[in-house]
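>>> Provided below are the primary sequence and the corresponding predicted coordinates.
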Amino acid sequence: MMDEKMQEALNKQLNAEIYSAYLYLSMSAYFESVNLSGFANWMRVQWQEELAHGLKFYDYVNERGGRVVLQAVEKPPSEWDSPLAVFEHVYEHEQKVTVLINKLVDLAVKARDHATNNFLQWFVSEQVEEEASADEVVQKLKLVGDDPSGLFMIDQELGQRVFVAPAATAEGGTE
């Protein structure tokens with residue numbers, strides 16, 4: 001059985017992951033509204049990833065005999081000043097998620113909950129990738145500045161991104 005504080009913290013993280021998905025779907029809608037379908041695609045793939053992350057927390061709490069308690073999801077913003085502003089928001093958001101994951105790891109270590117600590121290590125690695133991915137686009141957007149042809153090229157590149165579901169683990173969850 002899982003520690004009550006750990007269960008509550010994992011439920012909060014489940015909510016944070018669903019909020020992240022909602023945020024990225026809002027960003028996708030913004031990009032669709034300004035005719036940047038490649039950027040919209042990147043965000044839609046990110047939406048799918050965040051939903052998968054939320055389901056990992058959902059499944060894990062259930063696998064440990066805990067109780068999933070869903071909470072209201074905060075309304076995300078829907079307007080940004082530019083594609084660069086959107087991706088700077090993504091980068092900042094992923095940094096906040098990294099802090100949340102690290103706090104969960106700290107809690108698991110303090111509670112001597114080795115199973116949860118092990119489970120969370122996937123997210124620790126994932127956050128390195130998430131931050132790097134967002135920062136890469138931020139840096140490209142800074143390089144092209146106001147050049148429409150550069151923005152078009154980035155839009156084309158981001159349109160190629162596809163969702164790859166996390167691999168299943170031996171325990172039946174996802175990796």
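Happy to help now that I have it. Numbering: from 1, shown residues only.
>>> How about the secondary structure of the residue nearest the centre of the chain?
Taking Cα atoms, centre = their mean, the centroid of the chain lies closest to Glu50, which sits 4.3 Å from it. Of the three states, Glu50 takes helix under DSSP: H, G, I helix; E, B strand; the rest coil.
>>> That one contacts Ser28, correct?
No. Applying Cβ atoms under 8 Å as the test, Glu50 and Ser28 come out as separate, 11.6 Å apart. (Each C-beta comes from the backbone N, C-alpha and C, glycine too.)
>>> Can you classify Gly65 as helix, strand or coil?
When the rule is three-state DSSP, Gly65 gets the label coil.
>>> give me the number of residues near it?
Gly65 has 9 neighbouring residues, counting by other Cβ atoms under 10 Å.
>>> what's the closest non-adjacent residue to the residue nearest to the centre of the chain?
Ala21 (3.6 Å; Cβ to Cβ, 6 or more residues apart in numbering).
>>> where's the one you found, which helix or strand?
Under the criterion of DSSP states H and E, Ala21 resides in helix 4-33.
>>> Pull out the buried positions in that helix.
Within helix 4-33, the residues scored as buried using 16 or more other Cβ atoms under 10 Å are 6-7, 9-28, 30-31.
>>> re the thing from before, quick one, what contacts the residue nearest to Glu50?
Contacts of Ala21 were listed using Cβ atoms under 8 Å, 6 or more residues apart in numbering, and they are 47-48, 50-51, 54.
>>> In CSV, list those residues along with distance to Asn62 and pLDDT.
Below are the contacts of Ala21 laid out as CSV (distance: Cβ to Cβ, whole Å; pLDDT from 0 to 100):
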residue, distance to Asn62, pLDDT
Trp47, 23, 98
Gln48, 21, 97
Glu50, 19, 97
Leu51, 16, 97
Gly54, 13, 97
